[in-house]
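# here's a sequence, model it:
(one chain, ligands or ions: 3)
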Amino acid sequence: MPPLHPEEEARLRALHDTGLLDTPPEQVFERIAEFTAKMFHVPTALISLVDQDRQWFKACVGLDVRETPRDIAFCAYAILRPEVLVVSDPENDPRFAANPLVVGPPHIRFYAGAPLVTSTGYPIGTLCLIDYQHRDDFGSKEAESLAGLAGFAMELIETRRLHGFIDPVTRLPGRPILAEYFQAFAQGRGGEGGAVELLTIDICSPEQMNEIMRLFGPANADLLVKTASERVKSVMPEGAVLCHVSPIRFTILCPPGPEFDTGKLRDDLLMAFDTPVVAEGNVPVPLRRHVGIARYPDDAADIAGLIQASVAAISDARDQNADWALYDRQKHFAGRRAFDLLIDLRAALAAPQGQLFLVYQPKVTLESGLCTGVEALIRWRHPKLGLVSPADFIPIAEGSALMKPLTEWVLTQAIADSAEWREQGIDLIVAVNVSVENLQDKGFSGFIAGLLGSYDRAPIQIEVTESALMSDPDEVHAALTAVRALGVRVAIDDFGTGHSSLAYLKAFPADILKIDQVFISRLNKDPRDQTIVRATIDLARSLGYRVIAEGVENAETLALLSAWGCHAAQGYFIARPMEQAALLEWILERQRIPVLVSENRKPA
Ligand code: C2E
Ligand code: MG
Ligand code: MG
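Residues are numbered from 1 along each chain as shown. Ligands and ions are numbered 1, 2, ... in the order given. As a prediction, the model looks like this:
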């Protein structure tokens with residue numbers, strides 16, 4: 001047995017701290033080994049790490065084994081001295097003469113090893129050369145070059161941590177290493193059958209971690225995470241790979257094969273956190289952990305997708321108040337579709353002609369039966385999917401930055417159209433739907449002021465849903481007040497569905513109340529709807545609102561609304577939303593609107 005390093009324990013700790021042992025091959029280290037072999041014209045070059053009882057090769061050129069016992073390792077001697085160890089005649093060197101690698105195959109006849117020394121001074125292994133014939137061309141110059149390359153390799157080993165290869169708290173490999181293992185597992189999959197599975201565990205929620213940080217401080221939070229990592233390690237099956245991918249998140253990659261019981265692993269993992277983790281001052285902290293599971297190739301095509309899928313499963317588990325969940329492809333496919341749709345919408349907004357257009361639905365005043373206004377409704381003719389309903393893409397756009405350009409486009413188009421109608425002697429107030437994102441945009445009222453200026457103050461209204469009004473009352477109120485100051489009237493859309501208290505009605509900066517279709521569509525049949533609608537009309541009128549009913553689909557409903565004093569109505573019974581040309585035709589044909597004959601022009 002070669003002698004041990006004088007500080008063997010600390011040396012081993014330094015080696016294990018690199019997190020390098022038993023990781024898959026990495027291109028950068030393989031390249032160093034290849035380059036070294038070429039440079040010194042040897043068949044074999046290794047990056048060897050000297051562990052307690054073995055030497056393990058991080059990179060290896062010209063040799064088929066991954067490790068050998070420590071007692072036959074030349075490198076075990078090389079780490080005992082700071083300079084390069086050169087063995088040019090092993091058969092006559094008492095340290096190696098009886099070494100089976102010298103006596104028998106592969107018959108080592110030359111060895112040179114430069115120690116890999118950590119910045120704290122511990123030699124963890126070597127960069128070494130092996131030849132199977134005697135060499136006498138390795139002098140001090142060559143030794144210096146080899147030592148230089150070893151220093152370079154060591155620097156790479158130590159900077160891996162900076163690049164997320166190794167987590168500084170748990171010393172576990174990070175995402176880049178996970179990707180390397182995944183590649184190896186996924187390629188091996190063909191022959192072995194079965195899926196590569198990824199189990200991701202969040203040891204607690206982000207909120208709980210913030211709370212832990214706040215209560216115990218960051219150093220103790222780190223300690224807690226480290227303890228948690230030990231628990232995860234304690235249930236790791238042979239062959240699976242554990243990585244630490246974010247402060248509260250660990251992933252376990254399981255190779256394909258029937259011997260892997262991921263159900264058991266999942267249960268063990270959950271059970272490992274059944275007892276609280278002990279923090280500073282012996283305070284037990286029960287960690288609220290969740291596990292999400294995803295499979296390659298069914299759930300994702302690559303490691304990034306697999307992580308994403310397992311994290312989505314964790315969210316599902318949290319939402320369902322369950323300990324764990326499998327990735328639900330069906331459910332999340334919709335999310336993926338939404339994302340694709342958003343990308344396409346962005347393109348459509350960049351060149352709206354041809355894809356985006358407006359339709360207009362008439363609103364009639366019940367007292368006169370005349371149409372005095374229209375609601376602008378956006379339509380999207382998607383190049384591949386055909387007509388996509390705003391009910392499908394508006395909610396997606398609302399969560400994104402696209403709502404601003406979208407609404408600005410609708411407003412501009414609607415005002416331009418209404419100005420054109422006015423030219424033809426038809427005066428209609430156009431209502432445009434506006435989302436809460438628009439009202440949170442500081443430039444919104446300025447944008448409208450600009451439009452009104454450019455189009456000679458064409459009359460417009462905006463419609464804001466009741467839930468948007470409730471979502472950010474102060475900001476929304478300020479925006480609506482600014483818009484109203486420009487003479488733009490504000491309608492509360494979908495009234496009755498947004499769970500607002502009636503008390504709010506007296507404070508909303510709005511002029512018009514649109515009773516939602518759910519109360520109107522069956523009004524002729526449902527006595528309870530009748531009670532609600534009648535009371536709403538009374539209340540709204542007495543608070544000074546104009547009241548519109550939307551979704552009127554039959555004459556009976558229209559008659560009831562009229563009898564109860566509803567000001568206006570909109571719905572399929574009156575007219576469906578129409579493109580501009582059809583709208584003008586509809587209006588002129590029915591002669592139901594006050595056609596304002598301008599001095600120089602009469603309607604056709
Ligand atoms: P909304 O503002 O409440 O618009 C009324 C919706 O009801 C329209 O659907 C309209 O076509 C439909 N409708 C009208 N009369 C009837 C009827 O008698 N029966 C039935 N069953 N439905 C009727 P649409 O055009 O599909 O729009 C859906 C929603 O999408 C709108 O609800 C609005 O919230 C949103 N939206 C549409 N265009 C825009 C837009 O330009 N900007 C924003 N922010 N939202 C828009
Ligand atoms: Mg509307
Ligand atoms: Mg509505």
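
# can you list the strands that the helix or strand hosting Val278 pairs with?
Secondary structure assigned from DSSP states H and E places Val278 in strand 277-279. Neighbouring strands of strand 277-279 in its sheet, by DSSP bridges, are strand 283-285 (antiparallel).

# name the residues of the strand holding Val278 that come out as buried.
277, 279 (16 or more other C-beta atoms under 10 Å). In this view, the C-beta of every residue, glycine as well, is placed from N, C-alpha and C.

# that one - what's its average pLDDT?
The average pLDDT within strand 277-279 is 85.

# and that strand, how far out from the chain middle?
In terms of C-alpha atoms, centre = their mean, to the nearest Å, the centre of strand 277-279 is found 31 Å from the chain centre.

# same check, this time on stretch 442-457
Here stretch 442-457 is found 36 Å from its chain centre; the criterion is C-alpha atoms, centre = their mean.

# now the nearest residue to Pro168 once chain neighbours are set aside: phi and psi?
Distances taken as C-beta to C-beta, 6 or more residues apart in numbering put Arg161 closest to Pro168, at 5.9 Å, once the chain neighbours are dropped. Per-residue torsions, Arg161: phi -60, psi -40 (degrees, to the nearest 10).

# how about stretch 389-406: buried residues?
For stretch 389-406, using 16+ other C-beta under 10 Å, the buried residues are 393-394, 396-397, 402-404, 406.

# and the residues you listed near ligand 3, which?
For ligand 3, no contacts are drawn from these by C-beta under 5 Å from the ion.

# list just the nearest of the residues you listed to ligand 3.
Among these, Ile394 lies closest to ligand 3 (C-beta to the ion), at 11.7 Å.

# mean confidence score for the helix or strand containing that closest one?
Secondary structure assignment for Ile394, by DSSP H and E: helix 390-398. Averaging pLDDT along helix 390-398 gives 91.

# tell me which residues are up against it.
338, 341-342, 345, 377-380, 403, 406, 435-437 (C-beta atoms under 8 Å, 6 or more residues apart in numbering).

# and the residues you listed, which is closest to ligand 3?
Leu377 (9.9 Å).

# hang on, the closest one packs against Phe357?
No. Assessed by C-beta atoms under 8 Å, Leu377 is found out of contact with Phe357, at 10.1 Å.

# these two: who's more crowded?
Leu377 (17 against 14; other C-beta atoms under 10 Å).

# ok but that one is inside a strand, no?
Yes. Counting by DSSP: H, G, I helix; E, B strand; the rest coil, Leu377 falls inside a strand.

# who does it bridge with?
Under DSSP bridges, the beta-bridge partners of Leu377 are Val359.

# roughly how far does the residue in the stretch 1-150 of the chain positioned nearest to ligand 1 sit from Ala294?
Here the stretch 1-150 of the chain gets closest to ligand 1 at one residue, Gln27, 50.0 Å apart by C-beta to the nearest ligand atom. Separation of Gln27 from Ala294 (C-beta to C-beta, to the nearest Å): 26 Å.

# neighbour count: the two, which is higher?
Ala294 (29 against 9).

# quick one: contacts for the more buried one?
Counting by C-beta under 8 Å, 6+ apart, Ala294 makes contact with 197-198, 200, 300, 306, 309-310, 312-313, 326-327.

# and Asp538, how far from ligand 2?
From Asp538 across to ligand 2, the span is 23 Å (C-beta to the ion, to the nearest Å).

# confirm that residue sits in a strand?
No. Counting by three-state DSSP, one finds Asp538 to be helix, located in no strand.

# count the residues that sit near it.
The burial count for Asp538: 13, using other C-beta under 10 Å.

# for ligand 1, see how far away it is.
Shown here: Asp538 relative to ligand 1, a distance of 22 Å by C-beta to the nearest ligand atom, to the nearest Å.

# the bottom helix or strand of this protein by mean pLDDT?
Lowest by mean pLDDT, DSSP states H and E among the helices and strands of the chain is helix 502-505, with a mean of 75.
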